[in-house]
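Visitor: please work out how this folds:
(chains A and B)
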There are 2 protein chains.
Amino acid sequence: MLRGLMQERPLLISSLIEYAARNHGGTPIVSRLPDGSLHRYGYRELEQRAKRLANALLALGVKPGDRVATLAWNTHRHMELYYAVSGIGAVLHTVNPRLFPDQLEYICNHAEDRFLFFDLTFAPLVQKLRSRFTHLEGYIGLGDAAQVEKAGDMGGPVLSYEALLAAQSADYAWPIFDENTASSLCYTSGTTGNPKGVLYSHRSTVLHSFAVCAADGLGLSSRDSALVIVPLFHANAWGVPYAAAMCGAKLVLPGPMLDGASVCQLLTQEKVNFSMGVPTVWMNFFAHLDKHPGDRPPHLKRVVIGGSAVPPAMLDRFEKDLGISVLHLWGMTETSPLGTTSAPPFALAERSPDELRALKIKQGRVIYGVDMKIVDDENAELPHDGKAFGLLKVRGPWITRQYFKGEGGSILDEGDYFSTGDVATLDEHSYMQITDRAKDVIKSGGEWISSIELENAAVAFPGVHEAAVIGLPHPTWQERPLLIVVQKPGASVDKAALRAHLAQHVARWWLPDDITFVPELPHTATGKLSKLTLRKQFQGYVLPAAPSRDGAAS
Amino acid sequence: MLRGLMQERPLLISSLIEYAARNHGGTPIVSRLPDGSLHRYGYRELEQRAKRLANALLALGVKPGDRVATLAWNTHRHMELYYAVSGIGAVLHTVNPRLFPDQLEYICNHAEDRFLFFDLTFAPLVQKLRSRFTHLEGYIGLGDAAQVEKAGDMGGPVLSYEALLAAQSADYAWPIFDENTASSLCYTSGTTGNPKGVLYSHRSTVLHSFAVCAADGLGLSSRDSALVIVPLFHANAWGVPYAAAMCGAKLVLPGPMLDGASVCQLLTQEKVNFSMGVPTVWMNFFAHLDKHPGDRPPHLKRVVIGGSAVPPAMLDRFEKDLGISVLHLWGMTETSPLGTTSAPPFALAERSPDELRALKIKQGRVIYGVDMKIVDDENAELPHDGKAFGLLKVRGPWITRQYFKGEGGSILDEGDYFSTGDVATLDEHSYMQITDRAKDVIKSGGEWISSIELENAAVAFPGVHEAAVIGLPHPTWQERPLLIVVQKPGASVDKAALRAHLAQHVARWWLPDDITFVPELPHTATGKLSKLTLRKQFQGYVLPAAPSRDGAAS
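Guide: Here you go, the predicted model:
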């Protein structure tokens, strides 16, 4: 082998904040703090404070590889933790505070977290769980000494973040080490078994940041003022905290206030042109706009929606009503998370608006860095024809190769592909569309029915606020679909009319055997529909008479 | 160290073409062949032919690390060589056919090139140099057997490229190897000493491709139809041949026909929205438009200009007259080449058009991946204030650490910075502006005069086609500037009026001691002003009476 003669500098997370501090030092990071006030500084000061924090972590005795946990909202302090913890070679473990206490206990103990940095809104949670954490040696409240004091009894000593920083110098040189060093840890709560940890590396994080900044990724740039609604504890907020430093984007961090009014205020006041969040947040946003049409944000041009599929009605509201373009993102904690985005390529630019809309509803196109394929039950690859659907598998430099501590055993196939657990199609332009979770797909008479397509069709019907489809056991057909609907306030949906609407969008043998109404649907801690809970709730539910396979149902 | 658990797949050039073939298989690569005809296929076929070529190279006996040279225009065949040669682990050596024969001989022998692939337009050059090449074992003409036959005597056997490919199967799996393996080689013709080779690696090339695709880099995307005017033998055509595959951009390759009419035809016919080239090419473009205003390309939205500074008048013609935005790029062969680009960040978005224009005339902003600083004679870093100018130094994963075979010795300072040989300023937003080449700066009375600023001011004067400023020895002031002007056809520039114009733009003590007219200026093989030649031509030129330092000159 002849070795190239280029500089082999490692790809380290510290290089991102060093770049931003040096070249975008005055670019603002604006944070809504838990008390509602706004905090504002630039990348230069972010790095200075991250260096103070680095010295504080070392003074606490944090060593390379140690896990340092956060229970925190999107604020500048959480950003400082992102850069300081990974920067010294330790591992940032962002914990989702919306998990059940038992899960929090399991996760922090499994990770062997040594220190916990938490927003003081979580003081009651800390007090409750403190005695159950087996490895935690220190608790640091994200506030000054007076604020920590005011937070009351937390079952033991709690240090003040601001006091820690004030005691330290900003004089610190980020160390250089192997780019494959672990940088951060996120647990993904599977529907079966215990949550499993995804252990990112500096290399995977920096490479993923390039994908976020790519014009065909999220296209994040120094021209953006970006409101990061997706939580910093949710798959690294889709990589935006890192990528923003890579390009010098202005960041707006909403803290705990994700209601429509607060979001609209930040969008307008901070001239936000780009924002990212899960569909639920945008539902709140539109509910607010319905009541306050004057709050329509004047600068917003692009939104990224991920976490779960974009409802077509939401796409239309953004694009047709507001002129805001929607980028659909698909990914998982295990994929850092960027796997696909929905920007249409040159070859499709001249398609009709309806054709483009149909493409945007898909999960998006495969981006460079992600090898993606769909396979059948024998792991044979299926064609990119937009019709064949099979298990979705991915491979690449920001895809997990193993869970933390080897949980779940070997998770790659012989070609190093990771199975996503999604069932999907791929079309000739490599637009991927998830037709179901492998475990949610409804198996009827030996063929598959996509619960997601049925849900999308149902949500497009007037009066339907949210919809879920699950498969129930059926004596003849193995499983048949049940449609569960949450109606909009004041609406009264006619079942026959809804059924007639569905019949225009799906094959007749896909039509649900029954439709039922509920006041609300169960969601997971990350805001996704919890079909596991639904299946439990509807265990024993009796479907009406079995349909005939040719569609002559009830 | 705790190692991350992400997949550590190497960053290989073959992954770029694999991605494009798989996900953008039908996206066109359109080439103008030397005979003027157009060739058209998609990335899928490009990869298929690159695999045939890979098998052909192996059949010829090419081994990992071997250098394979090209003397070729921008066509699909040159693209195939880009991917096949590097893909098998050999080194693609792109040779600039505009170099002097002595330089070509030196470069190919120094590189120890084993095979030469050449466009048949270079048959006379091959015949002339063949006996002087010491390591070349095989010559392959880029055409079919009949075309090679027709090209006449080339001093020995020449294989047909198409015949080679036809004899091979497209069945080939790109090998996986260390990402630091050498991938390609470009010689940079210094003004002193022999040309030196820059040996890129797979890693540096893939990382650089991310920078080209970044919204703050060139922002190349799958929405682009890109006319690559910058030659594939010129610093890897600024990385576009690689980055285009990374994002699936449509490529338009102009072959040898870079005249205004041919360029305009491709721009219109292929709906080109993005193009890149050196200023000289765009001068021809505007000269053509002056005569044929109807040829204005309707789809072109963005141009990248690099290689030498964008003349302000050219910037205005693009942006004000045509509404085409200009991205200024600075880089060197040693920097892969992307170092800075000129997209203005959010913080500057509300500046006036005049302020933005002033920023766009600078070489651009520092991008992530390039650590950049300016230093004084003692290597002490100078401030980012837009005023202090010092030697420009860079560092990063796509910057050279050593020339091929160690030529020129150690080229990095103690902090691993490479000295660019440019003198520059950096402002508070990290916009870099080159004020001179270190060797071209005019040292007058212990202070520096920027030859480039004087040239820019001169070119903005009506009737001035091109201008150069060199320093001539002066008994009192060490050096004083001489302005050398090429007039536009039919123009008659008044020296006093030109001097009065300059006085509005530069300090009075910078004003040239003399102005002289010449029919044309000498250029290097890469199209840059050859100040070395000019200094030789004007050796002994006598300047008029010495100016006084306070500006009361002649």
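Visitor: and A:T533, its phi and psi?
Guide: The phi and psi values for A:T533, taken as degrees, to the nearest 10, are phi -60, psi -40.
Visitor: how near is it to A:P311?
Guide: According to CB to CB, to the nearest Å, A:T533 stands 20 Å off from A:P311. No exception for glycine: its C-beta is placed from N, CA and C like everyone else's.
Visitor: more crowded one of these two?
Guide: Set side by side, A:T533 and A:P311 show more neighbours around A:P311, with 21 against 15, by other CB atoms under 10 Å in any protein chain shown.
Visitor: check the stretch 151-300 of chain A for the residue nearest chain B and tell me.
Guide: Residue nearest to chain B within the stretch 151-300 of chain A (CB to the nearest CB): A:S201, separated by 2.5 Å.
Visitor: surely that residue and B:M1 touch.
Guide: No. Applying CB atoms under 8 Å as the test, A:S201 and B:M1 come out as separate, 10.5 Å apart.
Visitor: where in chain A is pLDDT low?
Guide: A:190-192, A:446, A:526, A:545-554 (pLDDT under 70).
Visitor: and chain A, what are its domains?
Guide: For chain A, the structural domains run A:10-27+A:39-204, A:440-537, going by automatic domain parsing.
Visitor: hey, which of those is tucked in deepest?
Guide: domain A:10-27+A:39-204 (a mean of 20; mean count of other CB atoms under 10 Å in any protein chain shown).
Visitor: first to last residue in that domain, what's the distance?
Guide: Chord length of domain A:10-27+A:39-204, first to last residue, is 12 Å (CA to CA, to the nearest Å).
Visitor: quick check: closest non-adjacent residue to A:P522.
Guide: A:T533 (3.9 Å; CB to CB, 6 or more residues apart in numbering or on different chains).
Visitor: residue ranges for the strands of the stretch 351-500 of chain A, please.
Guide: Taking DSSP state E, counting those that start in this stretch as the criterion, the stretch 351-500 of chain A carries its strands at A:364-366, A:371-375, A:390-395, A:418-426, A:431-437, A:442-444, A:447-449, A:464-474, A:478-487.
Visitor: with the stretch 51-200 of chain A instead?
Guide: Under DSSP E, counting those that start in this stretch, the stretch 51-200 of chain A gives strands at A:67-71, A:91-94, A:115-118, A:138-141, A:159-160, A:182-188, A:196-201.
Visitor: the last one pairs with which strands, and in what direction?
Guide: It refers to strand A:196-201. In the sheet containing strand A:196-201, its partner strands are strand A:182-188 (antiparallel), by DSSP bridges.
Visitor: contacts for the strand it pairs with?
Guide: Outside strand A:182-188, the residues that touch it by CB atoms under 8 Å, 6 or more residues apart in numbering or on different chains are A:13, A:65, A:67, A:82, A:85-86, A:91-96, A:107, A:110-111, A:195-202, A:205, A:233, A:235-236, A:332-334, A:404, B:2-5.
Visitor: got the angle between it and strand A:67-71?
Guide: With axes from the mean of the first three to the mean of the last three CA atoms, to 10 degrees defining the directions, strand A:182-188 sits at 50 degrees from strand A:67-71.
Visitor: tell me how far strand A:182-188 lies from the chain's centre.
Guide: Chain-centre distance of strand A:182-188: 14 Å, with CA atoms, centre = their mean, to the nearest Å.
Visitor: ditto for stretch A:152-161
Guide: Between the centre of stretch A:152-161 and the centre of its host chain there is 30 Å, according to CA atoms, centre = their mean.
Visitor: next one: stretch A:290-310
Guide: For stretch A:290-310, the distance to the chain centre is 17 Å (CA atoms, centre = their mean).
Visitor: if we can go back for a sec, the domains of chain A: which one's closest to B:V212?
Guide: B:V212 sits nearest to domain A:10-27+A:39-204 of all these, at 17.0 Å, using CB to CB.
Visitor: just to revisit the earlier point, overlap in contacts of A:S201 and B:M1?
Guide: A:T181.
Visitor: re earlier: my guess is the residue nearest to A:P522 contacts A:A525. True?
Guide: No. Using CB under 8 Å, A:T533 is not in contact with A:A525; the gap is 11.8 Å.
Visitor: ok, which of the domains of chain A comes nearest A:F389?
Guide: Taking the domains of chain A one by one with CB to CB, domain A:440-537 is closest: 7.0 Å.
Visitor: the closest residue to A:G339 other than its chain neighbours: neighbour count?
Guide: Spatial nearest neighbour of A:G339, excluding adjacent residues (CB to CB, 6+ apart): A:G331 at 4.5 Å. Using other CB under 10 Å, A:G331 has 25 neighbouring residues.
Visitor: angle of the top helix by length along chain A against strand A:67-71?
Guide: What stands out as the longest helix in chain A, according to DSSP state H, is helix A:43-60. Computed by the same axes, to 10 degrees, the angle separating helix A:43-60 from strand A:67-71 equals 120 degrees.
Visitor: and stretch A:422-437, anywhere near chain B?
Guide: Yes. Using CB under 8 Å from any CB of the partner chain, stretch A:422-437 reaches chain B at A:428-430.
Visitor: for the residues you listed, pick the one with the most neighbours.
Guide: A:H429 (22 neighbours).
Visitor: relative to B:G248, how far out is that one?
Guide: 9 Å.
Visitor: so what's in contact with those two at the same time?
Guide: Counting by CB under 8 Å, 6+ apart, the residues touching both A:H429 and B:G248 are A:345, B:23-24.
Visitor: now the helices for the stretch 251-400 of chain A?
Guide: With DSSP state H, counting those that start in this stretch as the criterion, the stretch 251-400 of chain A has helices at A:260-269, A:279-291, A:312-316, A:353-361.
Visitor: mind putting those helices in CSV, distance to chain B and mean neighbour count included?
Guide: Below are the helices of the stretch 251-400 of chain A laid out as CSV (distance: least, CB to the nearest CB, whole Å; neighbours: other CB atoms under 10 Å in any protein chain shown):
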stretch, distance to chain B, mean neighbour count
helix A:260-269, 15, 19
helix A:279-291, 22, 17
helix A:312-316, 19, 17
helix A:353-361, 12, 15
